[in-house]
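Trainee: predicted model and sequence follow; I will ask about them next.
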Amino acid sequence: MNERVLYEHRQVGWITVIVLFVIAVLICGAAAMTAPSERTLSFSLVPILMVVAALFSTLTVRVTSLRVMWYFGVSGIGRSVALAEITSIRAIKTSIFEGWGIHLTWHGWLWNVAGFNAVQIILRSGTRFAVGTPNPQAVIDAVQSARGDT
């Protein structure tokens with residue numbers, strides 16, 4: 001069976017991009033005021049910040065006919081769960097205290113780059129995920145459509 005994409009959205013975490021850019025500018029400014037022998041270490045932090053920005057400034061959520069997957073940046077750092085393993089999916093709101101990134105919250109493992117809208121996915125195993133998305137209902141509708149739920 002061919003796996004067809006029913007929903008896909010890439011969300012940009014502009015706050016992450018801006019904060020990392022400001023930190024890079026501050027590092028360069030501070031390095032310019034240090035002795036030349038100390039600049040190498042400071043300037044070497046800038047490419048590291050660029051890699052972090054590339055990896056964690058976007059979150060893509062994709063629903064296919066077989067699975068739900070989400071990943072940061074250019075792929076590689078993410079999860080994929082088979083539709084058959086999902087027992088429930090619902091729209092939730094996260095809070096400023098739960099923040100962004102990947103970490104454990106009371107909603108389960110949170111994957112988020114921006115905003116406070118998310119879907120909570122609960123698997124048969126009891127594992128819970130909260131996945132940030134600007135349009136939780138579109139994700140829910142795509143999952144229900146893929147599973148044949150009405």
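Mentor: Noted; the coordinates are in hand.

Trainee: my guess is I122 contacts T87, does it?
Mentor: Yes. The criterion here is CB atoms under 8 Å, and I122 meets it with T87 at 5.3 Å. For the C-beta atoms, the positions are set from N, CA and C on the backbone; glycine is no exception.

Trainee: list the residues that contact the residue of the chain most remote from its centre.
Mentor: Computed with CA atoms, centre = their mean, the residue of the chain farthest from its C-alpha average is A35, at 38.9 Å. If you count contacts by CB atoms under 8 Å, 6 or more residues apart in numbering, A35 has none.

Trainee: got a pLDDT number for the nearest residue to A82 once chain neighbours are set aside?
Mentor: In this structure, A82 finds its nearest non-sequential neighbour in R67, 5.2 Å apart by CB to CB, 6 or more residues apart in numbering. At R67, the pLDDT value in this model is 96.

Trainee: what's the following helix or strand after the worst-scoring helix or strand of the chain on mean pLDDT?
Mentor: Among the helices and strands of the chain, helix 36-56 carries the lowest confidence by mean pLDDT, DSSP states H and E, at a mean of 73. Using DSSP states H and E, the helix or strand that follows helix 36-56 in sequence is strand 58-64.

Trainee: contacts for that following strand next, please.
Mentor: Counting by CB under 8 Å, 6+ apart, 3-13, 68-73, 75, 78, 111-114, 131-133, 139, 142-143, 146 sit against strand 58-64.

Trainee: put the alpha carbons of the strand or helix carrying L104 into PDB.
Mentor: Taking DSSP H and E as the criterion, the element that holds L104 is strand 101-105. What follows is strand 101-105, C-alpha atoms only, in PDB (Å, rounded to 0.1, in the frame of the first residue of the first chain):
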ATOM      1  CA  GLY A 101      11.600  22.200  22.600                       C
ATOM      2  CA  ILE A 102      11.600  18.500  23.600                       C
ATOM      3  CA  HIS A 103      10.900  17.700  27.200                       C
ATOM      4  CA  LEU A 104       8.500  15.900  29.500                       C
ATOM      5  CA  THR A 105       5.400  17.800  30.600                       C
END
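
Trainee: list the buried residues in it.
Mentor: Of the residues in strand 101-105, T105 count as buried by neighbour count, 16 or more other CB atoms under 10 Å.
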